[in-house]
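Student: Predicted coordinates and the sequence they were generated for:
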Amino acid sequence: QAIEEENDAQPISQKELINLQILESSRKSERQALKLATEALAGNGEVFDFDSKLKPAAAPEPDLPEKQTMTGKSRYLSELLKAKERRDRDKFMAWENVERQERIREEGEFQDKEKFITESYARQLELNKKEAMIVQVEEKLNQSKTLDAGGLKGFYN
């Protein structure tokens with residue numbers, strides 16, 4: 001109806017006529033969809049609640065052993081973070097060794113200069129010494145365990 005009224009007012013090109021027909025058609029389908037949605041919601045409020053329909057159909061979760069129960073945390077995250085810290089420490093210690101070698105080479109150049117170490121750097125050095133001692137102790141414990149195990153003798157008995 002609206003298209004015919006516009007046709008009477010002024011001449012419309014074929015392209016404009018098609019565009020108007022498409023616009024009118026899309027508006028009509030939008031109104032129809034809105035009408036159907038409101039009718040569906042009025043009749044049954046759970047029509048669009050898809051998740052509640054799917055939950056009963058889902059397979060039950062298998063019983064997991066005590067260690068594998070889900071607590072909302074990653075099982076391996078703590079190990080990954082420890083490994084990252086260890087890599088960072090190792091990187092810092094390697095950097096520190098390079099710096100120490102440089103200082104030994106340049107020993108004569110800066111003898112008359114004052115040495116300055118910040119608190120945080122001193123704390124980091126102290127922490128690295130402690131970590132190095134801990135690593136040495138762990139390595140000795142691992143060596144003693146491997147020597148006591150007797151290699152693969154226990155495996156074949």
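Tutor: Everything's here; your move.
Student: how near is the closest residue to Ala132 other than its chain neighbours to Thr146?
Tutor: Distances taken as CB to CB, 6 or more residues apart in numbering place Met93 nearest to Ala132, at 7.3 Å, with adjacent residues excluded. Every residue, glycine included, has its C-beta placed from N, CA and C. Plainly put, Met93 is 25 Å away from Thr146 if you go by CB to CB, to the nearest Å.
Student: Which one's more surrounded, these two?
Tutor: Met93 (16 against 10; other CB atoms under 10 Å).
Student: what helix or strand does that one sit in?
Tutor: helix 77-105 (DSSP states H and E).
Student: Show me what counts as buried in that helix.
Tutor: Arg89, Met93 (16 or more other CB atoms under 10 Å).
Student: Tell me the helices and strands packed up against it.
Tutor: Under the contact definition 3 or more CB pairs under 8 Å, 6 or more residues apart in numbering; DSSP states H and E, helix 77-105 sits against helix 119-149.
Student: average model confidence for the helix it packs on?
Tutor: For helix 119-149, mean pLDDT rounds to 84.
Student: Give me the buried positions along that helix.
Tutor: Neighbour counts over helix 119-149 (16+ other CB under 10 Å) mark Glu131 as buried.
Student: May I have stretch 125-140 as PDB, with CA atoms only?
Tutor: C-alpha atoms of stretch 125-140 as PDB (Å, rounded to 0.1, in the frame of the first residue of the first chain):
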ATOM      1  CA  LEU A 125      72.000 -12.300  45.600                       C
ATOM      2  CA  GLU A 126      71.300 -13.700  49.100                       C
ATOM      3  CA  LEU A 127      68.200 -15.500  47.800                       C
ATOM      4  CA  ASN A 128      70.200 -17.000  44.900                       C
ATOM      5  CA  LYS A 129      72.800 -18.300  47.400                       C
ATOM      6  CA  LYS A 130      70.200 -20.000  49.500                       C
ATOM      7  CA  GLU A 131      68.600 -21.500  46.300                       C
ATOM      8  CA  ALA A 132      71.900 -22.700  45.200                       C
ATOM      9  CA  MET A 133      72.500 -24.400  48.500                       C
ATOM     10  CA  ILE A 134      69.000 -26.000  48.400                       C
ATOM     11  CA  VAL A 135      69.700 -27.300  44.800                       C
ATOM     12  CA  GLN A 136      73.000 -28.800  45.900                       C
ATOM     13  CA  VAL A 137      71.300 -30.600  48.900                       C
ATOM     14  CA  GLU A 138      68.500 -31.900  46.600                       C
ATOM     15  CA  GLU A 139      71.100 -33.200  44.100                       C
ATOM     16  CA  LYS A 140      73.000 -35.000  46.800                       C
END
